[in-house]
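S.K.: Generate a structure from the sequence data that follows.
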Amino acid sequence: MEEPLDLEPLFPDRAAGENLAVQLARRLREAIDAGALPAGARLLGTRQLAKRLGLGRNTVALAFEQLAAEGYLQPHRGSGTLVGVSGRKPARLGKSVRQAPPARAQLVASLRSTFEVARGLGPLRPGMPDLAKFPTTPWSRSARKTLNAYDGDLGYGPSSGLRALRDAIATHLRQFRGVTARADQIIVVEGAQAAMHLVAFVLTRPGEPVVVEDPCYALARAAFEAHELRLCPVPVDGDGLLVDALPREARLAFVTPTHQFPLGGTLPIARRTALLQWAGRKAATYIVEDDYDSEFTSRARPLPPLQCLDRDERVIYIGSFSKTLAPVVRLGYIVAPPHLIGAFSTARAIAGLGCGVHVQATLADFIEQGHYARHIRRMNAIYDRRRAILVNALRPALRLGFRLGPAQTGLHLALLGERGFNDVALSSALNGQSLVALSRLCIRRRDCRGFVLGFTNGSDAEIEAAATQLVERARVC
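M.R.: Here you go, the predicted model:
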């Protein structure tokens, strides 16, 4: 049943000389005939409606009785008055002049297709953890515990994030990634996408250049384009960003050095150092390091993040819990350099007054009790097995001219085809699947064809079957 509807348009016209009960009945009747009050909608009670409209309760009751007699309204004892099924056709509205949206609105609307490019469908969809393995029991315990602790706290929380969660994130980053950050450097946001928007909001102005990897993460590209930044695509190879191809000037460089998305390379230490030197030589140039799936690495000795190597406070480090837990958690974070803490804290308050306190407190307790670390350890074993299953199932494709991108880390791998391969056509030609085509993630490059394949969004058997279907379809194309 729908909630009571807002009836502000029914305020009486006392200068019309029309009986107020008759006037109210007529306006309600017209609203129902026009479809503004749909069948089944629950109206306010006569006392409440009379108070809101400045009428006597008897006046409203008379209007309701008249409409009930006509079949427009249906009184129900204990549940109020509902709009009945009138059976009348909605009144035809006059033609309105179609307005052209402003230029910025057109730009933002045009970016909607990016979501289709980046999403995919089926067991090989990248970027989606195994939701069936979500740690429901310990998460529920943390939720109940924090609900009791915060049951009377219904006001605004800290816009930069709950202190307990910021402390927990700082501890997690030190232990898992070696990132040294104080809790006051951490800004809690609604996932990595929100982090990218906040970075662009704080550090750029429309028209300024921003370096992105080519091919790159489509939603990062969309975020920067929405802020009207000028993209400077830099090619990547099997080891990540080609630092020698960086432009002379740029305001930002968005990179995924631990596990390049989508090709999968890991940026070597020499290139990391050169990238930091490139940023350090220019005033107000920053690097956005998206460490989106670094918890899931099979490397015995993973390379340190750029943030750990940074000596000039030029790296903004971002991460989220969407890939490690579930997208529905909608929590991520920024680690801001010390000299930008004030700017990011203020910008966070301007852009949004913080995330829900309860879910933040739940996540903080979940991390502090060790459940998060145990979940990551468990999922690493599962994802390592599924990565091996996918690689093995794709081996016949190597005889067809395909090659695999780096497959030793993270939550996806790339299957690369020959230069003329039509990855877009094949991506949607599979039964029950839609693959993410590499060519659609490119900006200037025309030599990158193939697919981004996940192995976390299905069971072992489903991943093997989906990969086998892909190879068989590629064989006949």
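
S.K.: buried set for the helix or strand of the chain with the lowest mean pLDDT?
M.R.: Taking mean pLDDT, DSSP states H and E as the measure, helix 113-119 is the helix or strand of the chain with the lowest mean score, a mean of 81. Residues of helix 113-119 classed as buried by neighbour count (16 or more other C-beta atoms under 10 Å): 114, 117-118. C-beta here means a position set from N, CA and C on the backbone, and glycine is covered the same way.

S.K.: For F134, grab phi and psi.
M.R.: When read as degrees, to the nearest 10, the backbone of F134 gives phi -60, psi 130.

S.K.: Ok, T136 next?
M.R.: Dihedral angles (degrees, to the nearest 10) for T136: phi -60, psi -40.

S.K.: Look at it and say how many residues are nearby.
M.R.: 9 (other C-beta atoms under 10 Å).

S.K.: Can you list the low-confidence ranges for the stretch 51-200 of the chain?
M.R.: 85-97, 151-154 (pLDDT under 70).

S.K.: can you map out the helices along it?
M.R.: With DSSP state H, counting those that start in this stretch as the criterion, the stretch 51-200 of the chain has helices at 57-70, 103-110, 113-119, 136-149, 163-177, 192-203.

S.K.: Report the next helix or strand after the last one in sequence order.
M.R.: Scanning forward in sequence from helix 192-203 by DSSP states H and E, the next helix or strand is strand 209-214.

S.K.: what pLDDT, on average, does the next helix or strand after that following strand get?
M.R.: Tracing the chain C-terminally past strand 209-214 and defining elements by DSSP H and E, one meets helix 218-226 next. The average pLDDT for helix 218-226 rounds to 95.

S.K.: and helix 218-226, how far from the chain's centre?
M.R.: When distances are taken as C-alpha atoms, centre = their mean, to the nearest Å, helix 218-226 is centred 12 Å away from the chain's centroid.

S.K.: oh, and call the first residue 53 from now on, that's how I've got it
M.R.: All set: I'll call the first residue 53, so the last point we hit is now helix 270-278.

S.K.: Packing partners of it?
M.R.: Using 3 or more C-beta pairs under 8 Å, 6 or more residues apart in numbering; DSSP states H and E as the contact criterion, the elements in contact with helix 270-278 are helix 155-162, helix 165-171, helix 244-255, strand 261-266, strand 282-289, strand 304-307.

S.K.: G69: which of those is closest?
M.R.: helix 155-162 (44.3 Å; C-beta to C-beta).

S.K.: that older thread, ranking the helices and strands packed on helix 270-278 by burial, who's on top?
M.R.: Greatest average neighbour count among those goes to strand 304-307 (a mean of 27), per mean count of other C-beta atoms under 10 Å.

S.K.: pull the longest helix from this protein.
M.R.: Longest helix of the chain, by residue count under DSSP state H: helix 423-450.

S.K.: Show me the contact partners of the least confident helix or strand of the chain.
M.R.: 177, 179, 269-271, 273-274, 486, 488-489, 492-493 (C-beta atoms under 8 Å, 6 or more residues apart in numbering).

S.K.: same deal with stretch 511-522?
M.R.: Taking C-beta under 8 Å, 6+ apart as the rule, stretch 511-522 contacts 174-176, 437-438, 441-442, 445-446, 449, 467, 478, 482-483, 485, 487, 503, 505, 507, 510.

S.K.: now H128: how far from A83?
M.R.: According to C-beta to C-beta, to the nearest Å, H128 stands 20 Å off from A83.

S.K.: who's more crowded, those two?
M.R.: A83 (20 against 11).

S.K.: quick one: that one is in a strand?
M.R.: No: judged by DSSP: H, G, I helix; E, B strand; the rest coil, A83 forms no part of a strand; its state is helix.

S.K.: I figured it hits L89, correct?
M.R.: Yes: contact criterion C-beta atoms under 8 Å: A83 and L89 qualify, at 4.7 Å.

S.K.: So which residues lie in contact with stretch 235-246, not counting its own?
M.R.: Residues contacting stretch 235-246 (C-beta under 8 Å, 6+ apart): 212-215, 217-219, 221-222, 247, 250, 271, 275, 342, 344, 370-372, 374, 379, 382-390, 393, 396-397, 400, 404, 406-407, 412.

S.K.: Sorry, slip of the keys, the one I care about is stretch 266-275.
M.R.: Against stretch 266-275 from outside (C-beta under 8 Å, 6+ apart): 163, 166-167, 169-170, 245, 248-249, 252, 264, 283, 285-288, 306, 308, 313-315, 342, 490, 492-497, 500.
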